[in-house]
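J.: Just a sequence and a predicted model for now, questions to come.
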Amino acid sequence: MQMSIAVRQSPNRPWLILPRQSWAQLAQASHTTLDSATLEKLRGLQDPTSLQDVEEVYLPLTQLVELYRKNTARMYSNSNEFLGIKPTRTPFVIGVAGSVAVGKSTTARLLAELLRRQPSAPKVDLVTTDGFLFPNDELERRGILDRKGFPESYDQRAMLEFVIAVKSGNPRVVAPKYSHLIYNIVKDDKIVIEQPDVLIVEGLNVLQPATIQRNGQRLTVSDFLDFSVYVDADEADIRRWYLSRFLALRSSAFADPSSYFHKYATLDDSEARETSLSIWETTNGPNLRANIDPTRERATVVLRKSSDHSIRHVRIRKI
C-alpha cells in the first residue's frame, strides 16, 4: 500500500517542503543503528539530538545522500566511458552550512557516522573550514580579527584548491588544522585526506558564491559539491542557543588555562550574558544576516529547526 506523504510546494519554486512526520515516513528499512554512547560523542555542547531524531531525520537524509552518491558515481562512469577517459576515483563531496550555534557540526558528524555504517561502508572524511581561516596574526595585520568567520577572514583560494584536489582524486591532500582551544591555526600540524569515497566539508561559508578567479574563471567551493545541507532556524532561537552555550563553556572549555577564552571563565551570569550578547550583536549576528543566511537557497536540503532544536520540516531542492 502506498503511503500518503504530506508535501507543500509552490509551482513557481524549486523546493519540496516535507513536515517532519512525512519526511520520517520516507525512511526505507535499514539495519543501520546508532547507540546512545556514540550519539553522545557526536553531539555538540547542549545539543539535544536524540536517537529518535536520528531515526526520523538523519537516517532518511543519509539514504537520500546514498541515492545521490550512487547515481553521481554512475554518471561519472558513463561520462568517462563516453569520452574515452580512463576511470578515476572521484570522491562525493558534501557541504554542511549554517550559523554558529545552530547545530551544523552535529549534523556533519552524524551524517559522516551514518554513511560509514551503510552497507557499502564508504570511507568518509570530515573537515571543517575553520582550518582555512587566516592565522590570528594575519587577521590582525589585515585589521579584521574582530571579523573572524566573515568570508574575508578565510583563505578562500587555499580552501578552493583543497576541494579541487580532493575532487580530482589526488592520492594525498592536506589541510590546515584549527584548534578552538587556542582559537587559531595549529602550526606544524595538518589534516591528511587520502582518497575518501565521501568528503564532508562543514563550515559557515561552504555555500558562498564565487569570489576567487582561477585560470581566468570565477570558482567557489560550492561549484564542486555534489550535495549540500543547510541547517536553519530563526535568528532569535540561534542567538538564544549561542548565549546559553557561552554560559556553559565557562565551566568547560573556557576553564582550561590554555584556552584563548580563559578570561571569560570567571564571569558571573550577568557579565557572561552581556559579553556573549555583545559578541553576537557585533560579529555572529551581522555575519549570519549578511553572508550565511543568503546562501540557504543554494543548498540541496534545508533542515529547519524549531525553538527546541528539533527538526520541524525538511526542504528539498526538486530541480
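T.: Alright, I've got the coordinates.

J.: ok, which stretches of the stretch 151-300 of the chain are helices?
T.: Along the stretch 151-300 of the chain, counting by DSSP state H, counting those that start in this stretch, helices occupy 156-167, 235-249, 269-279, 285-287.

J.: So what are the sheet partners of the longest strand seen in the chain and their directions?
T.: For the chain, the longest strand by residue count, based on DSSP state E, is strand 184-193. Strand 184-193 has the following sheet partners, assigned by DSSP bridges: strand 173-179 (antiparallel).

J.: Could you give the average pLDDT over the strand it pairs with?
T.: Strand 173-179 shows a mean pLDDT of 96.

J.: Can you give me the buried ones in stretch 170-180?
T.: Of the residues in stretch 170-180, 173, 175, 176, 177, 178 count as buried by neighbour count, 16 or more other Cβ atoms under 10 Å. Bear in mind the C-beta positions are built from the backbone N, C-alpha and C, glycine included.

J.: Need the contact partners of the longest helix seen in the chain.
T.: Determined from DSSP state H, the single longest helix within the chain is helix 59-83. Residues from elsewhere that reach helix 59-83 (Cβ atoms under 8 Å, 6 or more residues apart in numbering): 23-24, 26-28, 30, 32, 85-88, 90, 92, 94, 111, 114-115, 118, 120, 122, 197-198, 226-227, 229, 300-301, 303, 314, 316.

J.: hang on, the earlier thing: of all the helices of the stretch 151-300 of the chain, which gets the most neighbours per residue?
T.: Neighbour counts (mean count of other Cβ atoms under 10 Å) averaged over each of these peak at helix 156-167, with a mean of 20.

J.: Who are the packing partners of it?
T.: Under the contact criterion of 3 or more Cβ pairs under 8 Å, 6 or more residues apart in numbering; DSSP states H and E, helix 156-167 touches strand 92-98, strand 173-179, strand 198-202, strand 212-214.

J.: Of these, which is nearest residue 274?
T.: strand 92-98 (25.6 Å; Cβ to Cβ).
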